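Asker: dropping the sequence and predicted coords here.
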Amino acid sequence: MRKPLISGTWKMNLNHFEAIQTVQKLAYLVGKDELELVDVSLHPPFTDVRSVQTLIDTDKLGYALGAQHCHWEEKGAYTGEVSPVFLAKLGVQYVICGHSERRELFGETDEMVNKKVAAIQQHGMTPIMCVGETLEEREAGQTEAKVLGQVRAGLAGRKPEPIGALVIAYEPIWAIGTGRTATADDAQQMCAAIRACVAELAGAEAAESVRVQYGGSVKAGTVAELIAQPDVDGALVGGASLDPDEFAKICKLGA
Ligand code: 13P
């Protein structure tokens, strides 16, 4: 049985003071009892990571610390980039890679995602590898080809087993920040296809253990039906994770 993972990514929102307030409010609402049933990871902007880490550690909150991005190299002349070694040292457990915003706006390619997945795992953290189709691709009937192509590219060149700790987030691009959510049936279909693809690449055991999240306008009103699907193991939440009340509801309903 895979424990669900609800991940809140604040994208480029909340400075480190706001981050502390947000996590403190969340801590009143989602505590040890809920965290028995659901894993919760928080992905602040880099400038907030240390503050959030200190709060989680000091108050023993039980949330997993996350990052939104990292480079694949350990160190060197990469101005503005952040090393996976530094993130691991801060106690980061989950790192998002291949988010569609990074792919579209910052030129992150499948090859870069592939290197990041390997580097994140090599440093003892778990990648949350994002995949998803545009509206044009969906309407042209290319959803599976696009999404599974991204899964294969992200995991290409790996030894068949073990695949390592891995989360894949299916995020249809047309659903991100738009208020439109994939239907539970569509989310289930794609998450199942992703799991089958992992089985083909890395074997049945890897497919059984990989957690596949759905992301794209997840709200308290939609999360329960999505998570109830057999192959949807959690949610990657953007906008709704900025509001501790809403995000707490999502975590509870996702449990
Ligand atoms: P929204 O929940 O704001 O649609 O964002 C989803 C997302 O991109 C999470 O990575």
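Answerer: In hand now; what should we look at? Numbering: from 1, shown residues only.
Asker: what about residue 61, how many residues nearby?
Answerer: 21 (other Cβ atoms under 10 Å). In short, each C-beta sits where N, CA and C put it, glycine included.
Asker: nearest residue to it other than its sequence neighbours?
Answerer: Closest residue in space to residue 61, ignoring its immediate chain neighbours: residue 27 at 5.3 Å, by Cβ to Cβ, 6 or more residues apart in numbering.
Asker: so what touches whichever strand or helix holds that neighbour?
Answerer: Assigned by DSSP states H and E, residue 27 belongs to helix 16-29. With Cβ atoms under 8 Å, 6 or more residues apart in numbering as the test, helix 16-29 has contacts from 10, 14, 42, 44-45, 47-48, 50-52, 55-56, 59, 61, 63, 242, 244-245, 247-248.
Asker: retrieve the pLDDT associated with the residue nearest to residue 61.
Answerer: What the model reports as pLDDT for residue 27 is 98.
Asker: what's across from residue 97 in the sheet?
Answerer: Taking DSSP bridges as the rule, residue 97 bridges to residue 129.
Asker: who in the stretch 101-250 of the chain is up against the ligand?
Answerer: For the stretch 101-250 of the chain, the residues in contact with the ligand (Cβ under 6 Å from any ligand atom) are 171, 176-177, 215-218, 236-240.
Asker: isn't residue 252 right next to residue 34, touching?
Answerer: Yes. With contact defined as Cβ atoms under 8 Å, residue 252 counts as touching residue 34 (5.8 Å).
Asker: gap between residue 142 and the ligand?
Answerer: Distance of residue 142 to the ligand, computed by Cβ to the nearest ligand atom, to the nearest Å: 20 Å.
Asker: quick one: contacts for that residue?
Answerer: Contacts were defined as Cβ under 8 Å, 6+ apart; by that measure residue 142 touches residue 133.
Asker: where does the stretch 151-255 of the chain dip in pLDDT?
Answerer: For the stretch 151-255 of the chain, the stretches with pLDDT under 70 are 159-162.
Asker: which residues in it form strands?
Answerer: For the stretch 151-255 of the chain, the strands defined by DSSP state E, counting those that start in this stretch cover 167-170, 211-215, 234-237.
Asker: can I get the ones you listed in CSV with mean neighbour count?
Answerer: As requested, those are exported to CSV (neighbours: other Cβ atoms under 10 Å):
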stretch, mean neighbour count
strand 167-170, 27
strand 211-215, 27
strand 234-237, 28
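Asker: can you redo the ones you listed as a markdown table with distance to residue 226?
Answerer: As requested, the strands of the stretch 151-255 of the chain are exported to a markdown table (distance: least, Cβ to Cβ, whole Å):
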| stretch | distance to residue 226 |
| --- | --- |
| strand 167-170 | 10 |
| strand 211-215 | 5 |
| strand 234-237 | 7 |
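Asker: closest to residue 5 out of those strands?
Answerer: Closest approach to residue 5 among the strands of the stretch 151-255 of the chain (Cβ to Cβ): strand 234-237, 3.8 Å.
Asker: for that closest one, which helices and strands make contact with it?
Answerer: strand 5-9, strand 211-215, helix 220-227, helix 244-253 (3 or more Cβ pairs under 8 Å, 6 or more residues apart in numbering; DSSP states H and E).
Asker: in TSV, list the ones you listed along with distance to residue 146.
Answerer: Compiled in TSV, the helices and strands packed on strand 234-237 are given as follows (distance: least, Cβ to Cβ, whole Å):
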stretch	distance to residue 146
strand 5-9	22
strand 211-215	16
helix 220-227	20
helix 244-253	27
